[in-house]
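[1] Provide a 3D model corresponding to the input given below.
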Amino acid sequence: MKRQIIIFMHMDDEHPGYIADYLHQKNIAVRVVRAYDGDALPNLDDTIAGLVFMGGIMSVNDGLPWLDQEIELIKFAAIERVPLLGHCLGGQMIAKAFGANVTPNPDMEIGWHQCFRMNDMAAEDWLGELADPFIMFHWHKETFSLPKNSRLLFSSDHCVNQAFSIGGNVLGMQCHVEMTEPVLREWIEHWREDLGEDSQSAQSYSTISRHLKKNIAELSFVADQLYGRWVSTLAL
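    Sure thing, here's the model as predicted:
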(Lines give C-alpha, C1' and ligand atoms only; values in the text may rest on other atoms or scores of the structure.)
Protein backbone atom coordinates (compact mmCIF):
# COMPACT_ATOMS: atom_id res chain seq x y z
CA MET A 1 0.00 0.00 0.00
CA LYS A 2 1.25 3.46 -0.89
CA ARG A 3 2.14 5.51 2.19
CA GLN A 4 0.33 8.81 2.64
CA ILE A 5 0.54 12.18 4.34
CA ILE A 6 -2.25 13.10 6.76
CA ILE A 7 -3.19 16.80 6.71
CA PHE A 8 -5.11 18.00 9.78
CA MET A 9 -7.44 20.91 9.06
CA HIS A 10 -8.80 23.18 11.81
CA MET A 11 -11.13 25.46 9.84
CA ASP A 12 -13.78 25.02 7.16
CA ASP A 13 -11.45 25.99 4.32
CA GLU A 14 -12.18 23.80 1.32
CA HIS A 15 -8.51 23.24 0.55
CA PRO A 16 -5.31 22.99 2.65
CA GLY A 17 -3.54 25.32 0.23
CA TYR A 18 -0.13 25.01 -1.38
CA ILE A 19 1.11 22.14 0.79
CA ALA A 20 -1.53 19.86 -0.75
CA ASP A 21 -0.73 21.16 -4.25
CA TYR A 22 2.96 20.53 -3.67
CA LEU A 23 2.44 16.98 -2.42
CA HIS A 24 0.16 16.18 -5.36
CA GLN A 25 2.80 17.53 -7.75
CA LYS A 26 5.25 15.08 -6.19
CA ASN A 27 2.73 12.22 -6.55
CA ILE A 28 2.49 11.85 -2.77
CA ALA A 29 -0.85 10.59 -1.49
CA VAL A 30 -2.74 12.93 0.85
CA ARG A 31 -5.65 12.40 3.25
CA VAL A 32 -7.38 15.31 4.98
CA VAL A 33 -8.65 14.84 8.55
CA ARG A 34 -11.04 17.28 10.26
CA ALA A 35 -11.18 16.15 13.87
CA TYR A 36 -13.13 19.28 14.84
CA ASP A 37 -15.88 18.05 12.49
CA GLY A 38 -15.98 14.52 13.90
CA ASP A 39 -13.30 12.73 11.86
CA ALA A 40 -11.50 10.07 13.86
CA LEU A 41 -7.78 10.50 14.38
CA PRO A 42 -5.79 7.98 12.35
CA ASN A 43 -3.83 5.14 13.86
CA LEU A 44 -0.15 5.88 13.46
CA ASP A 45 0.76 2.79 11.44
CA ASP A 46 3.12 2.04 8.56
CA THR A 47 0.69 3.48 5.99
CA ILE A 48 1.47 7.01 7.25
CA ALA A 49 4.62 8.76 6.03
CA GLY A 50 4.14 12.11 7.76
CA LEU A 51 1.73 14.44 9.55
CA VAL A 52 0.89 18.03 8.57
CA PHE A 53 -1.01 20.44 10.84
CA MET A 54 -2.70 23.55 9.45
CA GLY A 55 -3.82 26.82 11.05
CA GLY A 56 -6.99 27.79 12.88
CA ILE A 57 -8.65 30.58 14.81
CA MET A 58 -8.51 28.72 18.13
CA SER A 59 -5.60 28.56 20.59
CA VAL A 60 -3.68 25.48 21.68
CA ASN A 61 -4.50 26.66 25.22
CA ASP A 62 -8.28 26.52 24.76
CA GLY A 63 -8.56 22.97 26.12
CA LEU A 64 -10.50 21.67 23.10
CA PRO A 65 -10.63 17.85 23.41
CA TRP A 66 -10.01 17.13 19.73
CA LEU A 67 -7.09 19.58 19.64
CA ASP A 68 -5.53 18.06 22.75
CA GLN A 69 -5.88 14.64 21.12
CA GLU A 70 -3.98 15.88 18.06
CA ILE A 71 -1.22 17.21 20.34
CA GLU A 72 -0.98 13.78 22.00
CA LEU A 73 -0.70 12.25 18.52
CA ILE A 74 2.20 14.62 17.78
CA LYS A 75 3.96 13.41 20.94
CA PHE A 76 3.56 9.80 19.87
CA ALA A 77 4.67 10.61 16.30
CA ALA A 78 7.80 12.26 17.68
CA ILE A 79 8.69 9.08 19.58
CA GLU A 80 8.20 7.10 16.39
CA ARG A 81 10.26 9.64 14.40
CA VAL A 82 7.39 10.42 12.02
CA PRO A 83 8.09 13.65 10.06
CA LEU A 84 5.98 16.58 11.34
CA LEU A 85 5.09 19.88 9.68
CA GLY A 86 3.06 22.68 11.27
CA HIS A 87 1.63 25.97 9.97
CA CYS A 88 0.68 28.74 12.46
CA LEU A 89 -1.66 26.95 14.91
CA GLY A 90 -0.04 23.74 13.68
CA GLY A 91 3.41 25.08 14.54
CA GLN A 92 2.14 26.04 17.99
CA MET A 93 0.76 22.52 18.45
CA ILE A 94 4.12 20.98 17.62
CA ALA A 95 5.89 23.43 19.94
CA LYS A 96 3.52 22.58 22.81
CA ALA A 97 3.85 18.84 22.19
CA PHE A 98 7.62 19.25 22.54
CA GLY A 99 7.26 21.10 25.86
CA ALA A 100 7.30 24.76 24.76
CA ASN A 101 4.82 27.47 25.75
CA VAL A 102 2.34 29.33 23.56
CA THR A 103 1.66 32.88 24.74
CA PRO A 104 0.35 36.18 23.33
CA ASN A 105 2.69 37.78 20.79
CA PRO A 106 3.62 41.40 21.58
CA ASP A 107 1.76 42.48 18.41
CA MET A 108 -0.94 41.08 16.18
CA GLU A 109 0.96 40.19 13.00
CA ILE A 110 -1.10 40.19 9.79
CA GLY A 111 -0.11 40.49 6.16
CA TRP A 112 3.05 40.45 4.07
CA HIS A 113 6.16 40.90 6.21
CA GLN A 114 9.76 40.04 5.53
CA CYS A 115 11.52 37.27 7.41
CA PHE A 116 15.22 37.18 8.23
CA ARG A 117 17.16 33.94 8.28
CA MET A 118 19.46 32.87 11.08
CA ASN A 119 23.13 32.66 10.25
CA ASP A 120 23.80 29.01 11.09
CA MET A 121 23.85 25.52 9.63
CA ALA A 122 20.24 24.68 10.50
CA ALA A 123 18.91 27.70 8.61
CA GLU A 124 21.21 26.92 5.70
CA ASP A 125 19.97 23.34 5.67
CA TRP A 126 16.26 24.28 5.61
CA LEU A 127 16.40 27.54 3.62
CA GLY A 128 19.03 26.68 1.06
CA GLU A 129 19.73 29.55 -1.33
CA LEU A 130 16.69 31.66 -0.38
CA ALA A 131 17.38 35.38 -0.28
CA ASP A 132 17.68 37.21 3.02
CA PRO A 133 15.19 38.64 3.76
CA PHE A 134 12.36 36.73 2.05
CA ILE A 135 8.62 37.33 1.94
CA MET A 136 6.14 35.53 4.18
CA PHE A 137 2.44 35.82 4.95
CA HIS A 138 1.34 36.13 8.59
CA TRP A 139 -1.91 36.06 10.55
CA HIS A 140 -1.55 35.41 14.27
CA LYS A 141 -1.76 36.94 17.74
CA GLU A 142 0.13 34.26 19.68
CA THR A 143 3.65 32.90 19.50
CA PHE A 144 5.54 29.82 20.66
CA SER A 145 8.70 29.61 22.71
CA LEU A 146 11.38 27.37 21.26
CA PRO A 147 11.23 23.72 22.29
CA LYS A 148 14.27 22.10 23.86
CA ASN A 149 16.82 20.96 21.26
CA SER A 150 15.13 22.97 18.51
CA ARG A 151 16.85 25.42 16.17
CA LEU A 152 15.41 28.81 15.25
CA LEU A 153 15.40 29.18 11.46
CA PHE A 154 14.07 32.67 10.81
CA SER A 155 12.40 35.70 12.44
CA SER A 156 10.35 38.75 11.49
CA ASP A 157 10.37 42.27 12.93
CA HIS A 158 7.15 41.56 14.84
CA CYS A 159 7.68 37.94 15.92
CA VAL A 160 11.08 36.51 16.78
CA ASN A 161 10.18 32.82 16.74
CA GLN A 162 8.83 32.34 13.21
CA ALA A 163 10.09 28.81 12.55
CA PHE A 164 12.04 26.06 14.24
CA SER A 165 13.36 22.65 13.33
CA ILE A 166 13.92 19.64 15.55
CA GLY A 167 16.23 16.92 14.34
CA GLY A 168 16.02 16.51 10.59
CA ASN A 169 12.31 15.94 10.07
CA VAL A 170 10.28 18.36 12.24
CA LEU A 171 9.40 21.86 11.04
CA GLY A 172 7.13 24.19 13.02
CA MET A 173 6.20 27.58 11.56
CA GLN A 174 4.26 30.53 12.97
CA CYS A 175 3.71 31.92 9.48
CA HIS A 176 1.53 30.87 6.55
CA VAL A 177 3.76 29.63 3.74
CA GLU A 178 0.84 27.53 2.45
CA MET A 179 -1.13 30.45 1.03
CA THR A 180 -2.49 30.22 -2.52
CA GLU A 181 -4.37 33.04 -4.23
CA PRO A 182 -7.82 31.37 -3.86
CA VAL A 183 -7.26 30.53 -0.17
CA LEU A 184 -5.93 33.98 0.67
CA ARG A 185 -8.73 35.78 -1.17
CA GLU A 186 -11.25 33.64 0.71
CA TRP A 187 -9.62 34.60 4.02
CA ILE A 188 -9.44 38.33 3.46
CA GLU A 189 -12.99 38.50 2.09
CA HIS A 190 -14.34 36.57 5.08
CA TRP A 191 -12.45 38.74 7.60
CA ARG A 192 -12.60 41.99 5.61
CA GLU A 193 -14.26 43.95 8.44
CA ASP A 194 -11.29 43.13 10.69
CA LEU A 195 -8.76 44.40 8.14
CA GLY A 196 -9.65 48.06 8.19
CA GLU A 197 -6.53 50.10 8.99
CA ASP A 198 -2.82 49.57 8.55
CA SER A 199 -0.50 49.46 11.54
CA GLN A 200 3.18 48.59 11.72
CA SER A 201 2.47 44.89 12.26
CA ALA A 202 -1.05 44.40 10.83
CA GLN A 203 -1.95 45.28 7.25
CA SER A 204 -5.32 46.33 5.88
CA TYR A 205 -7.38 44.54 3.25
CA SER A 206 -6.16 46.90 0.54
CA THR A 207 -2.50 46.50 1.49
CA ILE A 208 -2.72 42.70 1.56
CA SER A 209 -4.51 42.74 -1.79
CA ARG A 210 -1.95 45.00 -3.47
CA HIS A 211 0.54 43.03 -5.59
CA LEU A 212 -1.14 39.84 -4.39
CA LYS A 213 -0.24 37.72 -7.42
CA LYS A 214 3.42 38.77 -7.26
CA ASN A 215 3.60 38.13 -3.51
CA ILE A 216 1.94 34.72 -3.84
CA ALA A 217 4.46 33.74 -6.51
CA GLU A 218 7.36 34.75 -4.24
CA LEU A 219 5.77 32.93 -1.32
CA SER A 220 5.38 29.74 -3.35
CA PHE A 221 9.09 29.90 -4.19
CA VAL A 222 9.84 29.94 -0.45
CA ALA A 223 7.35 27.11 0.09
CA ASP A 224 9.05 24.99 -2.58
CA GLN A 225 12.30 25.20 -0.61
CA LEU A 226 10.79 24.45 2.81
CA TYR A 227 8.42 21.74 1.62
CA GLY A 228 11.11 20.17 -0.56
CA ARG A 229 13.45 19.92 2.41
CA TRP A 230 10.70 18.38 4.56
CA VAL A 231 9.59 15.92 1.86
CA SER A 232 13.18 14.73 1.56
CA THR A 233 12.77 13.16 5.02
CA LEU A 234 9.70 11.08 4.10
CA ALA A 235 9.99 7.30 3.78
CA LEU A 236 7.50 6.70 0.96
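[2] Could I get the full set of strands for the protein?
    4-8, 29-33, 48-53, 84-87, 102-117, 134-144, 150-156, 163-166, 170-173 (DSSP state E).
[3] biggest helix in the chain, by residue count?
    Ordering each helix of the chain by length in residues (DSSP state H) puts helix 212-231 first.
[4] thinking again about what came up before, now mean neighbour count and mean pLDDT too, for the strands of the chain, in a markdown table please.
    The way it works is simple: take the backbone N, C-alpha and C, and place the C-beta from them, glycine included. Converted to a markdown table, the strands of the chain look like this (neighbours: other Cβ atoms under 10 Å; pLDDT from 0 to 100):
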| stretch | mean neighbour count | mean pLDDT |
| --- | --- | --- |
| strand 4-8 | 23 | 98 |
| strand 29-33 | 15 | 97 |
| strand 48-53 | 23 | 98 |
| strand 84-87 | 27 | 98 |
| strand 102-117 | 18 | 98 |
| strand 134-144 | 21 | 98 |
| strand 150-156 | 21 | 98 |
| strand 163-166 | 24 | 98 |
| strand 170-173 | 27 | 98 |
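[5] Need these in JSON lines (columns: distance to Tyr22).
    Output for these, formatted as JSON lines (distance: least, Cβ to Cβ, whole Å):
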{"stretch": "strand 4-8", "distance to Tyr22": "10"}
{"stretch": "strand 29-33", "distance to Tyr22": "10"}
{"stretch": "strand 48-53", "distance to Tyr22": "10"}
{"stretch": "strand 84-87", "distance to Tyr22": "11"}
{"stretch": "strand 102-117", "distance to Tyr22": "19"}
{"stretch": "strand 134-144", "distance to Tyr22": "16"}
{"stretch": "strand 150-156", "distance to Tyr22": "18"}
{"stretch": "strand 163-166", "distance to Tyr22": "17"}
{"stretch": "strand 170-173", "distance to Tyr22": "13"}
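[6] Out of the ones you listed, flag the one nearest Ser199.
    Nearest to Ser199, of all the strands of the chain, is strand 102-117, at 8.0 Å by Cβ to Cβ.
[7] which residues sit against that closest one?
    Applying Cβ atoms under 8 Å, 6 or more residues apart in numbering, the external contacts of strand 102-117 come out as 59-61, 92, 95-96, 123, 127, 130, 132-145, 153-159, 162, 175, 195, 200-203, 207-208, 215.
[8] go on, stretch 121-138?
    Contacts of stretch 121-138 (Cβ under 8 Å, 6+ apart): 109-117, 151-154, 156, 158-159, 162-163, 165, 171, 174-177, 179, 184, 215, 218-219, 221-222, 225-226, 229.
[9] Swap in 7 Å and give it another go.
    109-117, 151, 153-154, 156, 165, 171, 175-177, 179, 215, 218-219, 222, 225-226, 229 (Cβ atoms under 7 Å, 6 or more residues apart in numbering).
[10] What of stretch 217-236?
    3, 18-19, 22, 26, 28, 49-50, 83, 85, 126-128, 130, 134-137, 168-169, 171, 177-179.
[11] The nearest residue to Asp21 once chain neighbours are set aside: neighbour count?
    Among residues not flanking Asp21 along the chain, Thr180 sits closest, at 6.9 Å (Cβ to Cβ, 6 or more residues apart in numbering). Counted with other Cβ atoms under 10 Å, residues neighbouring Thr180 total 19.
[12] Look up how far Ile216 lies from Thr180.
    Counting by Cβ to Cβ, to the nearest Å, the gap from Thr180 to Ile216 is 7 Å.
[13] again with Lys75
    34 Å.
[14] pretty sure Ala97 is touching Glu70, no?
    No - counting by Cβ atoms under 7 Å, Ala97 stays clear of Glu70, with 8.8 Å between them.
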